[in-house]
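Asker: Output the structure for:
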Amino acid sequence: MFAVKAHTLGIWTLNAARIVYVVNETGDVNRFGFAYGTLPDHVERGEERFLIEWNREDDSVWYDILAFSKPRHRIVRVSHPYARWLQKRFAKDSLSRILASIS
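Answerer: Here you go, the predicted model:
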């Protein structure tokens, strides 16, 4: 179990989650990653998966985030479009950090 502390629109939240599965596959395409699911104290209800795939044949690398969620907390329900925008920004920032770490 882990928690993410977030500051959004002047409000601090502590969002509990847990790892629900790990991906560690080797072969023609190696896949490494994990998924976490939210716990009742999280402001949303859902899962998010982070996956890196390396195709050994053509040496290509793919980074994938797959997420699904619904608002759990009243504040998130009211600000749902903003919450979605934050999630998309997180995905872009995450990719930028991955790229920066390999250059």
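
Asker: Could you point out the longest helix of the protein?
Answerer: The longest helix of the chain (DSSP state H) is helix 80-102.

Asker: And the contacts of it?
Answerer: Residues outside helix 80-102 that contact it (C-beta atoms under 8 Å, 6 or more residues apart in numbering) are T8, L9, E44, F50, I52, Y63, I65, A67, S69, P71, V76. All C-beta atoms are positioned from the backbone trio N, CA, C, and that covers glycine.

Asker: So for it, what gets flagged as buried?
Answerer: Buried residues in helix 80-102, defined by neighbour count with 16 or more other C-beta atoms under 10 Å: A83, A91.

Asker: ok, residues contacting the longest strand anywhere in the chain?
Answerer: Determined from DSSP state E, the single longest strand within the chain is strand 11-25. When contacts are defined by C-beta under 8 Å, 6+ apart, strand 11-25 is touched by residues 1-6, 31-44, 47, 49, 51, 75.

Asker: Just the buried residues from those residues, in ChimeraX please.
Answerer: With 16+ other C-beta under 10 Å as the criterion, this ChimeraX line picks the buried residues out of the contacts of strand 11-25:
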select :33,35,36,38,42,43,44,49
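
Asker: Under the pLDDT cut-off, which ranges of the chain? List them.
Answerer: The chain contains no residues with pLDDT under 70.

Asker: spatially speaking, which residue is in the middle of it?
Answerer: Central residue of the chain (C-alpha atoms, centre = their mean): E48, 4.5 Å from the mean position.
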